[in-house]
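> Okay, structure incoming, though there's no sequence with it:
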């Protein structure tokens, strides 16, 4: 349903996306993961025909994103980070407005609207002004508006950003139902726990693809081994470990420090030496299974290390 080849976009001297290659199958939940400025929104806008690529190309639902941009609009839905809801219109009026924009025919429209209201649990609020909805309800309304014309592919740009955990869970429940109905989902997120929900995902950083695969495949891309380090002062310990293990990936996870190293030989002794030399007590060191966040931190550290070695 989505195929991008050497997709590149620049803004003057800034390279926002640097030669992206990926393919997404029908009925798949594909996640695009990365920090702010990674190129996620630019990728979305290129694949939806909003932006023209500097070079390379892409097809979505069989349509070229440049040559067939107008035809493509009938087959996709796009929910941007700041979806264009009208706060002075009611929930029902917003949905009807987008139905008019997409040219949804009168025949069967009422049934479709009621279906979407029930689907998103918005039926009790259909006469409420959109501006008076909670953050989670606004996202559900945005989703309903993006689905009014029954798209084959749905693009969601960080749809749960700033939404409470309960609303995030409800939102994903709705997305799973869409997949069961045959919709292909392309979701960008900065939440790595959400990335675990995707069938496949891509890690993006500064416009470049760092990793691609299922969540488990991406986790296996992590070089070396991962250890959990506990000390009374984790923040100070993390700083010491970064100095003591040059090139290793060190991440702070609450009261624990995660240390990813290529060589785990004598690691406990080496870690103890580094930590105690800084005046801290080492409580424990143990190997653990990596999370996606660990992988991202490790791959990013490796990328920066390789870039630093370049002349």
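Sure, I can see it. Values in this document were obtained by computation on a predicted structure and should not be read as measured data.
> residue ranges of the strands in the stretch 151-300 of the chain, please?
Along the stretch 151-300 of the chain, counting by DSSP state E, counting those that start in this stretch, strands occupy 153-157, 184-189, 200-205, 208-213, 225-230, 249-253, 256-261, 284-287.
> right, and the ones you listed - which one's nearest residue 27?
The minimum distance between residue 27 and the strands of the stretch 151-300 of the chain falls on strand 184-189, with 6.0 Å, by C-beta to C-beta. (C-beta placed from N, C-alpha, C; glycine too.)
> And the contacts of that closest one?
By C-beta atoms under 8 Å, 6 or more residues apart in numbering, the surrounding residues in contact with strand 184-189 are 1-2, 24-34, 40-41, 43-44, 47, 152-161, 175, 178-179, 194-195, 198.
> Of all the residues in it, which ones are buried?
184, 185, 186, 187, 188, 189 (16 or more other C-beta atoms under 10 Å).
> partners of it, with directions?
Strand 184-189 pairs in its sheet with strand 29-33 (parallel), strand 153-157 (parallel), by DSSP bridges.
> Please work out which residues outside the first one touch it.
Counting by C-beta under 8 Å, 6+ apart, strand 29-33 makes contact with 2, 22, 24, 40, 43-44, 175, 179, 184-190, 192, 194-195, 197-204, 292, 296, all of which sit outside it.
> before we move on, the earlier item: out of the buried residues of strand 184-189, the closest to residue 9 would be?
For the buried residues of strand 184-189, the nearest to residue 9 is residue 188 (15.2 Å; C-beta to C-beta).
> which residues in the stretch 1-150 of the chain form strands?
Using DSSP E, counting those that start in this stretch, strands in the stretch 1-150 of the chain cover 2-11, 14-24, 29-33, 55-60, 63-64, 76-79.
> how deep is the closest residue to residue 248 other than its chain neighbours tucked in, by neighbour count?
Computed as C-beta to C-beta, 6 or more residues apart in numbering, the closest residue to residue 248 that is not its neighbour in sequence is residue 261, at 4.9 Å. If you count neighbours by other C-beta atoms under 10 Å, residue 261 ends up with 21.
> Domain map for the protein?
2-219, 222-309 (automatic domain parsing).
> Same list (those) but as TSV, adding mean pLDDT.
TSV is the format used below for these (pLDDT from 0 to 100):
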stretch	mean pLDDT
domain 2-219	91
domain 222-309	86
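> Tell me how many other residues surround the residue nearest to residue 164 when sequence neighbours are not counted.
Among residues not flanking residue 164 along the chain, residue 136 sits closest, at 6.2 Å (C-beta to C-beta, 6+ apart). By other C-beta under 10 Å, 20 other residues sit near residue 136.
> got it, and residue 191?
The burial count for residue 191: 17, using other C-beta under 10 Å.
> which ones are touching it?
160, 168.
> let's go with 7 Å and repeat that
The contact partners of residue 191, taken as C-beta atoms under 7 Å, 6 or more residues apart in numbering, are residue 160.
> cool, and the one 4 residues further on?
The contact partners of residue 195, by C-beta under 7 Å, 6+ apart, come to 31, 33, 189, 201, 215, 292.
> do residue 250 as well
238, 241, 242, 257, 259.
> what number of residues lie near residue 145?
Residue 145 has 25 nearby residues by other C-beta under 10 Å.
> My read is that the residue nearest to residue 164 contacts residue 172, right?
No. If you go by C-beta atoms under 7 Å, residue 136 and residue 172 don't touch, sitting 11.6 Å apart.
> Filter the contacts of strand 29-33 down to the buried ones, ChimeraX style.
Selection of buried members from these for ChimeraX, criterion 16+ other C-beta under 10 Å:
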select :2,22,24,40,43,44,175,184,185,186,187,188,189,192,194,195,197,198,200,201,202,203,204,292,296
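> Next one: residue 14 from residue 8, what distance?
12 Å (C-beta to C-beta, to the nearest Å).
> ok, those two, which is more surrounded?
Per other C-beta under 10 Å, whichever of residue 14 and residue 8 has more neighbours is residue 8, with 17 against 9.
> Enumerate every residue touching the more buried one.
Residue 8 neighbours (C-beta under 7 Å, 6+ apart): 17, 18, 19, 53, 54, 55, 56.
> Next, work out how far apart the residue nearest in space to the middle of the chain and residue 258 are.
Nearest residue to the geometric centre of the chain (C-alpha atoms, centre = their mean): residue 189, 2.2 Å. Distance of residue 189 to residue 258, given as C-beta to C-beta: 21 Å.
> cool, and residue 291?
Taking C-beta to C-beta, one finds residue 291 at 9 Å from residue 258.
> surely residue 2 meets residue 25?
No. Checked against C-beta under 7 Å, the pair residue 2 and residue 25 is beyond contact range at 8.6 Å.
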